[in-house]
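# Sharing a sequence plus its predicted fold:
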Amino acid sequence: MHVSGPQGPAVVSSSAGTPVLHILMTVGLVAGLALGMIASATGSPLLLAIAEGVAPLGTAFVNAIRMVVIPLVMATVFVGVARLGDIRKVGRMGFLAFAFIAGTTFPAILLGMGAMKFALGFAPAMAPLEVVEQVRPELPGMVDFLLRLIPSNPFAAATEGALLPLIVFTVLFAAAASTIESKHREMLVDFADAVSGALIKLVHWVLWTGPVGVFGLAAPVTARTGWAMLANLATFVITVIVALVIFLLVVYLPVVKIFGGVGPWKFMRSTIGTATVGFTTTSSVATLPVLLQESQDLGVSEPVANFGV
């Protein structure tokens, strides 16, 4: 895949071996689950030690993905907003993004609540776990939430991993940059474009360690869970997967087809990497670099893909 900018060729490329990578990541996931289940079932000290011993591989993989997230999101959002060149376009895209999120979140909540209420009737009874008293954190009000979106120190926000305030800062900075003299704007955009291209290349390298990484994530968790909890865990996992499939077929794919003009098979084939990383790391943030790369395969224009991050 190649993306061409106004100043020259492309900064983003992906290997033709990506389907092979998806297969290898699936193999790593299955192998990790198998090792963990066998270790838990047999109680073998050796297998349990191996399952726990590979945990650093998973931690290293997640850390490597997260390492790239903040600078990549800032660079790509800046390029997307600054290249729009019109503040009104930013507002229009922001409204459409909000409408899409709100329109798909409501049915997702209803489906999730209904599916879990149905599934709890099939979950086997378990001995109650020891209750540990905890202080419930106070949820911020709407005013506090809005104030937290404006970072008093963007560098501190980056250090803390506060992504949303950084996006707000980046959007405002890019909107301001879109109004300055053309040669200075292009200088900033070209620099951010080069940075995002290098970071996406780094993501591609990291993803090739994914098969080992997801193996290291799956094995210790499965070994610790034990067979006694697997029935409940399986009920939960199967319910979530079934609900997600229903949501995908009934809500998401029709929306993608009607408003995006992308067929179901192409959409699912082009987002395998994002789904795999999200499933194995249970982190939506960790999927952002992969999502950005795969959005190009779906024909999403570079400014829209960058803005949508």
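Looks like it arrived, so ask away.
# For the stretch 51-200 of the chain, give me the ranges with low pLDDT.
Applying pLDDT under 70 to the stretch 51-200 of the chain flags the ranges 85-91, 94, 123-140.
# run the last query once more with 90
Along the stretch 51-200 of the chain, the parts satisfying pLDDT under 90 run over 62-186, 189, 193, 196-200.
# what are the ranges of the helices in it?
55-84, 87-119, 142-148, 154-160, 163-177, 182-207 (DSSP state H, counting those that start in this stretch).
# closest one to A243 among the ones you listed?
helix 87-119 (4.0 Å; CB to CB). No exception for glycine: its C-beta is placed from N, CA and C like everyone else's.
# on that earlier part again, TSV for the helices of the stretch 51-200 of the chain, including mean neighbour count?
Listed next are those as TSV, based on neighbours: other CB atoms under 10 Å:
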stretch	mean neighbour count
helix 55-84	21
helix 87-119	13
helix 142-148	10
helix 154-160	14
helix 163-177	18
helix 182-207	18
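# Now tabulate the ones you listed in a markdown table and tack on distance to S295.
A markdown table is the format used below for those (distance: least, CB to CB, whole Å):
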| stretch | distance to S295 |
| --- | --- |
| helix 55-84 | 10 |
| helix 87-119 | 13 |
| helix 142-148 | 28 |
| helix 154-160 | 23 |
| helix 163-177 | 16 |
| helix 182-207 | 11 |
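# Nearest to A219, out of those?
That would be helix 55-84 among the helices of the stretch 51-200 of the chain, by CB to CB, at 7.6 Å.
# Next one: L57 from A64, what distance?
Per CB to CB, to the nearest Å, L57 is found 11 Å from A64.
# sorry, back to before: out of the helices of the stretch 51-200 of the chain, which comes closest to S44?
Evaluated over the helices of the stretch 51-200 of the chain, closeness to S44 peaks at helix 55-84, with 17.0 Å, by CB to CB.
# Check the gap between the nearest residue to V27 once chain neighbours are set aside and V30 for me.
Spatially, and ignoring its direct neighbours in sequence, V27 is nearest to P211 (6.3 Å; CB to CB, 6 or more residues apart in numbering). Using CB to CB, P211 is found at 10 Å from V30.
# same question, I50
Distance from I50 to V30, by CB to CB: 16 Å.
# Of the two, which one has the most company?
The neighbour count for I50 versus V30, taken as other CB atoms under 10 Å, is higher for I50 (16 against 13).
# how about stretch 246-265: buried residues?
F247, V251, Y252, L253, V256, V262 (16 or more other CB atoms under 10 Å).
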